[in-house]
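In: Okay, sequence plus prediction incoming.
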Amino acid sequence: MTFYGWLQIAVFSAIVILLTRPFGGYMTRVFSGEKTWLTPVLRPVERAIYRLCGVDEQVEQHWITYAVAMLLFSVAGFVTLYALQRLQGVLPFNPAGQAAVEESLAFNTSVSFVTNTNWQSYVPETTMSYLTQMVGLTVHNFVSAATGIALALALIRGFVRREAKTIGNFWVDLTRATLYILLPISVVVALVFMWQGMPQNLDAYADATTLEGVKQTIAQGPVASQEAIKLFGTNGGGFFNANSAHPYENPTPLTNFITLLLIFAIGAGLTNVLGRMVKDERQGWAIFAAMGILFLAGVSTAYWAEAAGNPAFAALNIDSAPSELQAGGNMEGKEARFGIADSALFATVTTDTSCGAVNSMHDSFTPLGGMVPLVNMELGEVIFGGVGSGLYGMLAFAIVAMFVAGLMVGRTPEYLGKKLEAKEVKMTILALLSLPLSMLGWTALASVLPAGLAGIANTGPHGFSEILYAFSSATANNGSAFAGISANTLFYNTTLAGAMLIGRFIFVIPLLAVAGSLAHKKLLAPSAGTFPTTSPLFVGLLVGVVVIIGGLTYFPAISLGPVVEHVAMNGGTLYPGP
């Protein structure tokens, strides 16, 4: 570890904190229907969209109607994306002549991008045409992200409203999130990325001859436009197979730093939206603090583990200490231009959210370094999280935390002025338990079936970790992978798609029910016995509940992979062999 490595992490953290309040204020004004500096330009476009789609923006929806609208929109998106992939061989903007995508892969990819997972069981530059990349994948990067933001707003309104039967209008939330937030910022960022060297064209792939005289095909295309929303919408699906380790997707240190800020921006800003909408910004900062503590714990562990390197190298007289001539530590699978600190920071940030973009190969991390992104996903992507998913996931844990606090003092639990009764707690527990059921259930199935075992590149604990990581990533709607697993098979395409659907819809529908139930309740005034939810005590309780629930649920599985690998790497005898 070096001073400059810690300085990069500190500067990143400071800028995230500085951006949270102004960006949260802007999003609050957008979703409250207040005037913003973009209103004169975009309001006429917004009205035209409502007229074209037959939406009355003044009519709000019951939580069931809101959920049905979200589900129908997702089904329509799945069908159109699936059809586009299957027909791309006969459609235009296909200079590389890409053939139709195979059925199970098209199914997996459609589910993946509709659920904001962006898991890719394929090599993008040799599989997807420009039309599929632009009209299919990039469009879904926008609307799936906007859907996540809308779901977070619905839950916030459940706490804000009193004796109401509605939680907003899904179509209005979807339109405003896309039009006022995702689209304008993505346009600006795409221009910056083009300035930094990312391609943005519709040209055919270029042929070049290397210095060794070998022919090389250089893929290009509309990269910058997809990259901007891939990161800002915490989508993560890359235009190239190497994702953000590819020099066309992440050409400079500046693009790498902007990338990290984009990934955290909406998740951090939504905590401030919560505080503003409940008329107490301290509530949002308390949630932000809990997320921040978990983030710092993760990035510190990952940086320490990767900077320490592999202890087995010491016996081989290999110098892995950082110096002016080398980065030191575990550089396997990492870009030399980013090094240990940026790689550890990127891996932590992308799995704290549901982004899944990578600038290094997580499969090559040390056991404890690789355990950090795995644990981040298994906690439910609540550490800032994806666009919306982090906030509503952390609010689910907050409900559990207040339920625990109520049990300890013998009071009916309440949070943000709303009583938490049996229905809300049951729905929240149902949502939270759906994640480990999917992650561990699919992993168990793949670990015993020949079709599952055939996909792993390693035997023993690391092979198990590859399977566990895949289903954790899919269920958490993250999309990153331990790259040693070969997932483009009928078994993995279908089972991973099932995990993605559970992680998106089985998780969020109970929380929409919670939102509807809370909106119908009265708003209670604080009393002498009210648990203070802006205090360090609450932050500590919330962090403890997240860690304890995650630890009790996942530790047996994690101990079979990264923990066993770590013991073996350090000369222990726990390693069970192939």
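Out: Yes, it's here.
In: what ranges do the strands span in the stretch 101-250 of the chain?
Out: 206-209, 215-218 (DSSP state E, counting those that start in this stretch).
In: In its sheet, which strands sit next to the first one, and in what direction?
Out: The strands beside strand 206-209 in its sheet (DSSP bridges) come out as strand 215-218 (antiparallel).
In: so how far is the partner strand from its chain's centroid?
Out: Remark: strand 215-218 is offset 33 Å from the chain centroid, using CA atoms, centre = their mean, to the nearest Å.
In: And for stretch 478-498?
Out: Relative to the chain's own centre, stretch 478-498 is displaced by 17 Å; criterion: CA atoms, centre = their mean.
In: cool, stretch 345-361 as well?
Out: So, by CA atoms, centre = their mean, the centroid of stretch 345-361 is 8 Å from its chain's centroid.
In: Now the terminal residues of that stretch, how far apart.
Out: 13 Å (CA to CA, to the nearest Å).
In: what residues does stretch 220-230 touch?
Out: The set of residues external to stretch 220-230 that reach it, using CB atoms under 8 Å, 6 or more residues apart in numbering, is 118, 125, 130, 133-134, 137-138, 141-142, 145, 182, 185-187, 189-191, 193-194, 198-203, 205-206, 235-240, 248-249, 262, 357. Bear in mind the C-beta positions are built from the backbone N, C-alpha and C, glycine included.
In: Pull out the buried members of those.
Out: Taking 16 or more other CB atoms under 10 Å as the criterion, what is buried in these is 118, 125, 130, 133-134, 137-138, 141-142, 145, 182, 185-186, 189-190, 193-194, 198-200, 235-240, 248-249, 262, 357.
In: quick one: the helices in the stretch 101-250 of the chain?
Out: Per DSSP state H, counting those that start in this stretch, the stretch 101-250 of the chain carries helices over the ranges 103-114, 124-127, 130-131, 139-160, 170-176, 183-195, 223-232.
In: can you give me the strands for this protein?
Out: In the chain, the strands defined using DSSP state E lie at 206-209, 215-218, 414-415, 418-419.
In: So, low pLDDT: which residues of the stretch 1-150 of the chain?
Out: For the stretch 1-150 of the chain, no stretch is flagged by pLDDT under 70.
In: Who are the contact partners of Leu552?
Out: Per CB under 8 Å, 6+ apart, neighbours of Leu552: none.
In: ok, now Ile181?
Out: Tyr26, Met27, Val30, Ala146, Ile149, Ile266.
In: Look up how far Ala150 lies from the first one.
Out: This points to Tyr26. 17 Å (CB to CB, to the nearest Å).
In: the more surrounded of the two?
Out: Ala150 (27 against 18; other CB atoms under 10 Å).
In: picking that back up, tell me the most buried of the strands of the chain?
Out: Of all those, strand 414-415 has the most neighbours on average by mean count of other CB atoms under 10 Å, namely a mean of 22.
In: contacting residues around that strand?
Out: Phe159, Ala398, Ile399, Met402, Gly406, Leu420, Leu524, Thr530, Phe531, Thr533.
In: Check pLDDT for those and point me to the minimum.
Out: Lowest pLDDT within these is found at Thr530 (77).
In: and the residue lying closest to that residue once chain neighbours are set aside, what are its bridge partners?
Out: Spatial nearest neighbour of Thr530, chain neighbours left out: Glu414 (6.9 Å); criterion: CB to CB, 6 or more residues apart in numbering. Taking DSSP bridges as the rule, Glu414 bridges to Lys419.
In: Against Leu511, how distant is Glu414?
Out: Counting by CB to CB, the gap from Glu414 to Leu511 is 18 Å.
In: Repeat that for Tyr248.
Out: 38 Å.
In: sorry, back to before: could the contacts of Ile181 go into TSV alongside distance to Thr350?
Out: Output for those, formatted as TSV (distance: CB to CB, whole Å):
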residue	distance to Thr350
Tyr26	24
Met27	22
Val30	26
Ala146	20
Ile149	19
Ile266	14
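In: ok, so of those residues, who is nearest Leu501?
Out: Distance to Leu501 across those (CB to CB) is lowest for Ala146, with 18.9 Å.
In: which ones are touching that closest one?
Out: Ala146 makes contacts with Asp173, Leu174, Thr175, Ala177, Thr178, Ile181, Leu182, Gly233, Val387, as judged by CB under 8 Å, 6+ apart.
In: Just give me the neighbour total for the second one.
Out: Looking back up the chat, that one is Leu174. For Leu174, the number of neighbouring residues by other CB under 10 Å comes to 21.
In: ok, for it, nearest residue in space, not its chain neighbours?
Out: Ala146 (5.0 Å).
In: just the fourth one next, same as before
Out: If the residues on either side of it in the chain are set aside, Ala177 comes closest to Ala146, at 3.8 Å by CB to CB, 6+ apart.
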